[in-house]
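K.L.:
What follows is a predicted structure for the sequence shown.
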Amino acid sequence: MSFKISDTVTWVGKIDWELREYHGKEYSTNKGTSYNSYLVRDEKTVLIDTVWQPYAKEFVANLKNEIDLNKIDYIIANHSEIDHSGAFPELMSEIPNVPIYCTKNGAKFLKAHYHQNWNFVEVKTGDILEIGKNKLIFVEARMLHWPDSMFTYLTGENTLFSNDAFGQHYASELMYNDKVDNAELFQEAIKYYANILTPFSPLVVKKIEEILSLNLPVDMICPSHGIIWKQNPLQIANKYMEWAKNYKENQITIIYDTMWNGTRRMAETIAEGITEANKDITIKIFNSSKNDKNDIVTEVFKSKMILVGSSAINNGILSSTAAILEMIKGLGFKDKKAAAFGSYGWSGESVKIITEELNKAGFEIINEGIRELWNPDEIALDRCRNFGKSIEESIK
Ligand code: FEO
């Protein structure tokens, strides 16, 4: 499969309808993904990025249907991660001398992945590759999301090849933002941002401001995953600016795990208390052992506050609670509040441990949390309801 996206650019990537896990098991891809590779034809012919290794043979065969490989003058590796460079060994076995343009780190990382001495050409921000009527301009995008990441801008077509930035793990044969269901598209885009880009938010703001300051017209943004931004392409850059500035909706997310439903009943009753105090707050409740962890992280991203609960076990907390707290800590959320809750039988450390973990994760702890013995009775549940009411106050 390939399709023309403009007079000069043809998509030659791979839609992966069946992928359900990415980065090992760290990211759920419930809607599949695509690895977008682009062929730019001017007086010179340029290939931008490739696909993941399992699709390497299919990719090269498909590319041969589109062009004689010997006509490719340059290859651009915007990012060395194997979902985009995985077809290099297959491709370079046929055209080993074609120069590969990438950042200094890109060359270093590609060498470490594939142990081949390909013809790397290192580029920096502002470097230009003349390809005929048009030019390709390189913009380093360090830590968005790897130290090697880079964007490539095609003049004439005013197209930004942004690699992972502005991407989504979303398989659709429709491929354009004005064709697909926009609720699905933005849900996948915010999930991608929340789970991958949150730690790099200050750099996102700087990079977008830098690109806007170049005053380059942008008619299309072609990321390396998912849908191409063709209609009002800068809307996704504007969304990124919003998301990068400690994004919050009027939402509280409650995350818990439970052994015999005591902590679940606490979670639901705390939620009732919040709603009794303020019906305008969106409350989302997740059992961390039963829900997709990336969906939970996306809701944490949208929240002003999170409440995390676990039954006590073995002087500690349940494993799914520990796992989601570890993910949350790694993402470095800023300007969010938190508190802990949980039921216990005798030693009862869970609330203290969760509070400590939330504090280490950078959340503002609003109180010492609430714990209840065994199966909470009506008096205990009243305390949980009042806890919920009191929490509403602290997000005003
Ligand atoms: Fe899609 Fe960072 O690779």
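P.N.:
Noted; the coordinates are in hand.
K.L.:
And what about Lys352, helix, strand or coil?
P.N.:
helix (DSSP: H, G, I helix; E, B strand; the rest coil).
K.L.:
Show me where the chain has its helices.
P.N.:
Shown for the chain, the helices assigned by DSSP state H span residues 56-66, 82-85, 88-92, 104-114, 182-192, 201-213, 234-244, 262-277, 293-302, 319-331, 350-360, 378-394.
K.L.:
ok, Pro89 touching Leu110?
P.N.:
No: using C-beta atoms under 8 Å, Pro89 is not in contact with Leu110; the gap is 10.5 Å. Just so you know, the C-beta spots here come from the backbone N, C-alpha and C atoms, and that holds for glycine as well.
K.L.:
Settle it for me: which of those two has more neighbours?
P.N.:
With neighbours defined as other C-beta atoms under 10 Å, Pro89 and Leu110 compare such that Leu110 has more, 22 against 16.
K.L.:
give the contact list for the nearest residue to the more buried one once chain neighbours are set aside.
P.N.:
Once flanking residues are discounted, Leu110 sits nearest to Ser80: 4.8 Å by C-beta to C-beta, 6 or more residues apart in numbering. Ser80 sits next to Cys102, Asn105, Gly106, Phe109, Leu110, His113, Trp146, Asp148 when contact means C-beta atoms under 8 Å, 6 or more residues apart in numbering.
K.L.:
Can you tell me the closest non-neighbouring residue to the third one?
P.N.:
With C-beta to C-beta, 6+ apart as the criterion, Gly106 has its nearest non-adjacent residue at 4.1 Å, and that residue is Asp148.
K.L.:
Quick check, pLDDT for the closest residue to Lys31 other than its chain neighbours.
P.N.:
Of all residues not flanking Lys31 in the chain, Tyr170 sits nearest, at 5.0 Å (C-beta to C-beta, 6+ apart). On pLDDT, Tyr170 comes in at 98.
K.L.:
List the contacts of Tyr170.
P.N.:
Lys31, Gly32, Thr33, Ser34, Val180, Glu184, Leu185, Glu188, His225, Gly226, Ile227.
K.L.:
What about the ligand: which of these touch it?
P.N.:
Contacts with the ligand within the contacts of Tyr170, counted by C-beta under 6 Å from any ligand atom: His225.
K.L.:
Which positions in the chain make contact with the ligand?
P.N.:
Counting by C-beta under 6 Å from any ligand atom, the chain comes close to the ligand at His79, Glu81, Asp83, His84, His145, Trp146, Asp164, Ser224, His225.
K.L.:
Just give me the neighbour total for the spatially closest residue to the last one that is not a sequence neighbour.
P.N.:
The one in question is His225. Of all residues beyond its chain neighbours, the one nearest His225 is Gly167 (3.6 Å), with distances taken as C-beta to C-beta, 6+ apart. For Gly167, the count of nearby residues is 26 (other C-beta under 10 Å).
K.L.:
Test my guess that Gly167 contacts Tyr192.
P.N.:
Yes: with contact defined as C-beta under 8 Å, Gly167 reaches Tyr192; the gap is 6.2 Å.
K.L.:
Now for those two: what residues contact both?
P.N.:
If you check Gly167 and Tyr192 against C-beta under 8 Å, 6+ apart, the residues they both contact are His225.
K.L.:
ok, back up a step: rebuild the contacts of Tyr170 as JSON lines, extending it with pLDDT and neighbour count.
P.N.:
Compiled in JSON lines, these are given as follows (pLDDT from 0 to 100; neighbours: other C-beta atoms under 10 Å):
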{"residue": "Lys31", "pLDDT": "96", "neighbour count": "19"}
{"residue": "Gly32", "pLDDT": "97", "neighbour count": "16"}
{"residue": "Thr33", "pLDDT": "98", "neighbour count": "27"}
{"residue": "Ser34", "pLDDT": "98", "neighbour count": "27"}
{"residue": "Val180", "pLDDT": "98", "neighbour count": "18"}
{"residue": "Glu184", "pLDDT": "97", "neighbour count": "14"}
{"residue": "Leu185", "pLDDT": "98", "neighbour count": "22"}
{"residue": "Glu188", "pLDDT": "98", "neighbour count": "25"}
{"residue": "His225", "pLDDT": "98", "neighbour count": "24"}
{"residue": "Gly226", "pLDDT": "98", "neighbour count": "27"}
{"residue": "Ile227", "pLDDT": "98", "neighbour count": "29"}
